[in-house]
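Novice: Okay, predicted coordinates and the sequence, questions at the end:
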Amino acid sequence: MSSESEPAVVSDADEVERHPCPRCAVQPGSPCRSRSGAVATTYHTGRFTKVPRLAKLLRVPVPADRSPGQPWRPGTPPPAPIPDDRPAADIRIGYARCSHLTQELRTQLDALAAHGIPADKVFAEKVSTRVRVRPKFEEALDTCRQIKAHAPHCRVILTVYEMKRLGRASAELTALADHLTAHGIALEMLAGPLTGIYDPSGSGRMLFAFFAAMAETERENIREATLEGLNTAARKGNHGGRPPVITEDMLHTVLRRRARGESVEDIRPDLIIPTGKHKGRNPSVASIYRALVDHERRRRHPDAVTQAEAEFATLRAGG
């Protein structure tokens, strides 16, 4: 009576050694090597992260039957890969970002849609790159990781319009690219100097680091130009901000008519806002009362107000 043979159990080492190593350049069928040419004690990260169930581990040791620490000698070839009849496909997740509420995302969203990414797979937000936590960006990354974990045979691609949508700090961009590579996620850019899918090996990594540094330099140049423009305007007496709703002339009218016994409600219809988006309208009662409170504060404490304005101007000049 013959019994059916049990299927051979594939070990972690067997699965890792089905892939070449991008660091020590060994081919499938052998463990990783150290610089001296001996068998390494652990597999290099870029190699074992290609196995989905090992991708999140920090280290994968080389088993004792591979003779770690000893000169490498050819052994038995790795087991043949299990055929996968599922069709491979590219799954793209889009991300769009702009820094200010006044900016528009339409250009980025249209480019992502034209690239074939449906709206339900596009994450968009208006937040500055200086903000450490970007909710939609973290949600996009988490979605990519989940899809890769459930469909390891598919290529998951995080697509952005251009590099600076991800950030402008060189170290941050490089760390992000390494994080995506470690989880088997590709990075794609639709515009800019590094258009296409990012290749983490060879010259692709060098180009990415170079343009990341250029993006950081561009941010610093923009910041310096903005500060220089603000300082120039401040020296001319223009400190920015919205124009006041209650001007000095309007305040003088309110004070004069209140001294005659008129109420703020009676005075308000005769006041017209001269500038700004509410130009031509009557100011609110609350705006008039705020102007009166500020006037009374300046009248009672003139020295304190002058000192506060001088300290603020000093801080602006030093910052």
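Specialist: Looks like it came in fine.
Novice: so where do the helices sit in the stretch 1-150 of the chain?
Specialist: With helices called from DSSP state H, counting those that start in this stretch, the stretch 1-150 of the chain shows them at 12-16, 45-48, 106-114, 135-150.
Novice: mind giving me JSON lines with those helices and columns for mean pLDDT, mean neighbour count and distance to residue 254?
Specialist: For the C-beta atoms, the positions are set from N, CA and C on the backbone; glycine is no exception. Supplementary listing: those in JSON lines, determined by pLDDT from 0 to 100; neighbours: other C-beta atoms under 10 Å; distance: least, C-beta to C-beta, whole Å:
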{"stretch": "helix 12-16", "mean pLDDT": "89", "mean neighbour count": "18", "distance to residue 254": "80"}
{"stretch": "helix 45-48", "mean pLDDT": "90", "mean neighbour count": "20", "distance to residue 254": "71"}
{"stretch": "helix 106-114", "mean pLDDT": "91", "mean neighbour count": "15", "distance to residue 254": "44"}
{"stretch": "helix 135-150", "mean pLDDT": "90", "mean neighbour count": "16", "distance to residue 254": "46"}
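Novice: burial count for residue 126?
Specialist: The tally of other residues near residue 126 (other C-beta atoms under 10 Å) stands at 15.
Novice: Sorry, slip of the keys, the one I care about is residue 33.
Specialist: Neighbourhood size, residue 33 [other C-beta under 10 Å]: 18.
Novice: Would you agree it is in contact with residue 42?
Specialist: No: counting by C-beta atoms under 8 Å, residue 33 sits too far from residue 42 to count as a contact (11.7 Å).
Novice: re earlier: right, and the helices of the stretch 1-150 of the chain - which one's nearest residue 96?
Specialist: helix 106-114 (3.9 Å; C-beta to C-beta).
Novice: okay, and the helix or strand of the chain with the least pLDDT?
Specialist: Ranked by mean pLDDT, DSSP states H and E, the helix or strand of the chain with the weakest confidence is helix 203-235, at a mean of 63.
Novice: okay if I get the helices of the stretch 1-150 of the chain as a markdown table plus distance to residue 189?
Specialist: Shown next, in a markdown table, are the helices of the stretch 1-150 of the chain (distance: least, C-beta to C-beta, whole Å):
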| stretch | distance to residue 189 |
| --- | --- |
| helix 12-16 | 31 |
| helix 45-48 | 22 |
| helix 106-114 | 10 |
| helix 135-150 | 14 |
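Novice: mind checking which of those is nearest residue 296?
Specialist: The stretch from those with the least distance to residue 296 (C-beta to C-beta) is helix 135-150; that distance is 43.9 Å.
Novice: contact partners of the closest one?
Specialist: Taking C-beta atoms under 8 Å, 6 or more residues apart in numbering as the criterion, the residues outside helix 135-150 that touch it are 52, 91, 93-95, 97, 121, 123-125, 127, 154, 156, 158, 166, 179-180, 183-185.
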